[in-house]
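> please find the sequence and the predicted model below.
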Amino acid sequence: MSPIDLLLPYQRKWVDDESRFKYGLWSRQTGKDFSSAAEIVRDCKLRDKTTWMIAAPSERQSLETLAKCGEWSEAFDLASEGIREERDGPEALLKQGEIKFANGSRVIAVPGRPDTVRGFSANVLMTEFAFFEDPDATWRAILPSITNPLRGGEKKVRLITTPNGQGNKAHDLWTKENSTKHKWSKHKVTIHDAVAAGLPVDPEELRAMLDDPEAGPRSTSASSLTLPGCFSRMS
């Protein structure tokens, strides 16, 4: 039995999609970081000296996703040195967190800011991308590194996020037509999709806990992603 067999069908579909550019627009608490960490660790196991970078809106979120990679490394029996954090001082902000594996692969976690992502030559996971402080500037900062095949070969890009309205880079990348060069494979998972696939969550209970009718599930249609919100008229 492979560790990947633990995943729900929509999570497994995400992990097994090997497209270079992949975008997951998923409802909250549906396992997007958990599933993405599985893909990262599997890739690190299969390809020696592979590097992945995780970027999130905050250092806490980056380190949480990195910790999930640590958990998956145990499931895949991929030996590592554990998580190492790099800071200028005990109370200083995180510069980066890192897991190094015995086969030379590694996963780096940084806060999702232009100055922290710039210059890395790595495959990239940007989690909760719609909530980055400046997603446009961060995307521009990282693009040269991931599109330059002379720096470590062709890179993979994974964007995962819950929606955060219109007028931002996350919405722009989701709604615009695919170009011939950068074709995004898009995965949309509503809370209802996840529950139907076996996720043990009660949407009505979540809505009651949020105490916000607008945040709760209002539709099971493909055009609605809820908890905590949706891209209005999302295509």
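Nice, thanks for sending it over. As the structure is a prediction and not an experimental result, all values here were calculated from the model.

> and the contacts of the longest helix seen in the chain?
Assignment by DSSP state H gives helix 59-75 as the longest helix of the chain. Helix 59-75 is contacted from outside by 3, 6, 33-34, 36-38, 40-42, 44, 54-56, 79-80, 82-83, 85, 93-94, 97-99, 101, 107, 109-112, 125, 127-128, using CB atoms under 8 Å, 6 or more residues apart in numbering. (C-beta placed from N, C-alpha, C; glycine too.)

> how about the CA coordinates for the helix or strand just after that helix, as PDB?
Next along the chain after helix 59-75, taking DSSP states H and E as the criterion, comes strand 80-87. Output of strand 80-87 as PDB, limited to C-alpha atoms (Å, rounded to 0.1, in the frame of the first residue of the first chain):
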ATOM      1  CA  SER A  80      15.700  13.500   6.800                       C
ATOM      2  CA  GLU A  81      17.600  15.700   9.200                       C
ATOM      3  CA  GLY A  82      14.400  17.200  10.500                       C
ATOM      4  CA  ILE A  83      13.200  20.900  10.300                       C
ATOM      5  CA  ARG A  84      15.900  23.500  10.600                       C
ATOM      6  CA  GLU A  85      14.900  27.200  11.000                       C
ATOM      7  CA  GLU A  86      17.200  30.100  10.000                       C
ATOM      8  CA  ARG A  87      16.800  33.400  11.700                       C
END
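
> what lines up beside the helix or strand following strand 80-87 in the sheet?
Counting by DSSP H and E, the next helix or strand C-terminal to strand 80-87 is strand 94-101. Taking DSSP bridges as the criterion, strand 94-101 forms sheet pairs with strand 80-87 (antiparallel), strand 106-111 (antiparallel).

> rank those strands by pLDDT, which is bottom?
Among the strands paired with strand 94-101, strand 80-87 has the lowest mean pLDDT, at a mean of 78.

> can you give me how far it is from the chain middle?
Remark: strand 80-87 is offset 20 Å from the chain centroid, using CA atoms, centre = their mean, to the nearest Å.

> that strand to helix 59-75, inter-axis angle?
Interaxial angle, strand 80-87 versus helix 59-75 (axes from the mean of the first three to the mean of the last three CA atoms, to 10 degrees): 170 degrees.

> circling back to that earlier point, what's the closest of the strands paired with strand 94-101 to residue 48?
strand 106-111 (11.0 Å; CB to CB).

> mind listing what's buried in stretch 131-148?
Neighbour-count burial for stretch 131-148 flags 131-132, 135, 137-139, 141-142, 145-146 (criterion: 16 or more other CB atoms under 10 Å).

> who does residue 123 form a beta bridge with?
Here residue 123, judged by DSSP bridges, has bridge partners residue 52.

> what about the helices in this structure?
Remark: helices assigned in the chain by DSSP H are 9-16, 32-46, 59-75, 114-117, 135-147, 169-175, 191-196, 203-210.
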